[in-house]
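Novice: Structure of the sequence below:
(one chain, ligands or ions: 2)
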Amino acid sequence: MTTKPRIRTRASATALRKAATLIEALPWLEEFHGTTVVIKYGGHAMIDDELRLAFARDVAFLRYAGLRPVVVHGGGPQINAQLDRLGLESTFTAGLRVTTPETMDVVRMVLVGQVGPDVVGLLNQHGAFGVGMSGEDARLFTAERKSAVVDGREVDLGMVGEIVDVDTGAVRSLLDDGRIPVISSIARGEDGEVYNVNADTAAGALAVALQAGKLIVLTDVEGLYSDWPADGGSADASEVIDQITAHDLEKLLPDLSAGMVPKMEACLRAVRGGVPRAHVLDGRVPHALLLEVFTDEGIGTMVVPS
Ligand SMILES: Nc1ncnc2c1ncn2[C@@H]1O[C@H](COP(=O)(O)OP(=O)(O)O)[C@@H](O)[C@H]1O
Ligand SMILES: CC(=O)N[C@@H](CCC(=O)OP(=O)(O)O)C(=O)O
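Specialist: Ligands and ions are numbered 1, 2, ... in the order given. The predicted model follows:
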């Protein structure tokens, strides 16, 4: 007895929805194919195991989709934990860690020896992509000592650096080779000293030097709130700004508080330096990166040129 071949004439509603989601990504795939995207990875998304796996999948997805992702990682909470174990205090001024030479050793050890390799390991579950680099390697970042101005007074921050030069040679070689550079925000000075650079700042400087198509900063809030801390004390009472021009952001900067300052400064620096779009996204949302890059709505706050 012969059996008739089964012909499927109708796709299920679920299958059609899946196809619609995939096809929604087509214009974005066309636009961003070959584009360099600098991603600052930090905050809560780095601590939660599920979110770490989702982040690695997203970055691998971007790479397989033909983009050129570069990851600059933070690690503030991990540095705090290590300092705590060693009985050393964590002190911040204007959102930056006051860095004694002793603290600098810990910062370097945690970022280059622990957090960076952890991110590389996650990415490499999806292919031989992740290559860790410190900003000291191949002269990626050159820094000068930076101080902060608080209430009109200059305050010494110790070994905190401000990036004055970026040599993108090694990062470009890795990208051309199909790798995903994973960068720790440590820099060497012309004076031979090692400096601690805020990771948001480092990501912004790198995005400009690479003339990236996007800078994406992942953090632990939905984006830039118009009113912080919100009236009523809860983030729910405040609205997320979905888009802001560099001009308007510059006016807003003096009113922002500590954690958001280096992020929004990095976005401003990137956009003013020729990066067409900079985003602050909620790293607590699984697959926030994919939602931003490949869907029509986008999420978080987008900074655009004036
Ligand atoms: N206007 C604002 N909108 C959103 N968050 C803000 C704002 N001002 C200050 N913040 C604070 O900035 C924090 C993000 O900075 P930070 O803690 O340094 O993040 P990360 O660890 O991701 O680098 C938020 O969790 C929030 O507490
Ligand atoms: C100068 C300065 O503050 N450097 C940061 C570098 C790490 C970082 O920026 O980590 P997050 O992005 O997780 O905050 C620090 O020592 O904590």
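
Novice: check whether the helix or strand where Glu265 lies contacts ligand 2.
Specialist: Mapping Glu265 onto the secondary structure by DSSP states H and E places it in helix 260-272. No - remark: helix 260-272 sits outside contact range of ligand 2, by Cβ under 6 Å from any ligand atom, the gap being at least 7.4 Å. (Glycine included, C-beta is placed from N, CA and C.)

Novice: And the contacts of that helix?
Specialist: Residues external to helix 260-272 that are found in contact with it (Cβ atoms under 8 Å, 6 or more residues apart in numbering): 38, 40, 94-96, 198, 200-201, 203-205, 207-208, 212, 215, 217, 219, 224, 228, 246, 249-250, 252-253, 256, 277-280, 303-305.

Novice: Just the ones of these in helices?
Specialist: Counting by DSSP state H, those place Asp200, Thr201, Ala203, Gly204, Ala205, Ala207, Val208, Ala246, Leu249, Glu250, Leu252 in helices.

Novice: Now which of those residues would you call buried?
Specialist: With neighbours counted using 16 or more other Cβ atoms under 10 Å, those contain these buried positions: Asp200, Thr201, Ala203, Gly204, Ala205, Ala207, Val208, Ala246, Leu249.

Novice: With pLDDT and distance to Pro117 added, can I get those residues in JSON lines?
Specialist: Written out in JSON lines, the entries for these read as follows (pLDDT from 0 to 100; distance: Cβ to Cβ, whole Å):
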{"residue": "Asp200", "pLDDT": "97", "distance to Pro117": "21"}
{"residue": "Thr201", "pLDDT": "97", "distance to Pro117": "22"}
{"residue": "Ala203", "pLDDT": "98", "distance to Pro117": "19"}
{"residue": "Gly204", "pLDDT": "98", "distance to Pro117": "24"}
{"residue": "Ala205", "pLDDT": "98", "distance to Pro117": "23"}
{"residue": "Ala207", "pLDDT": "98", "distance to Pro117": "23"}
{"residue": "Val208", "pLDDT": "98", "distance to Pro117": "27"}
{"residue": "Ala246", "pLDDT": "98", "distance to Pro117": "35"}
{"residue": "Leu249", "pLDDT": "97", "distance to Pro117": "34"}
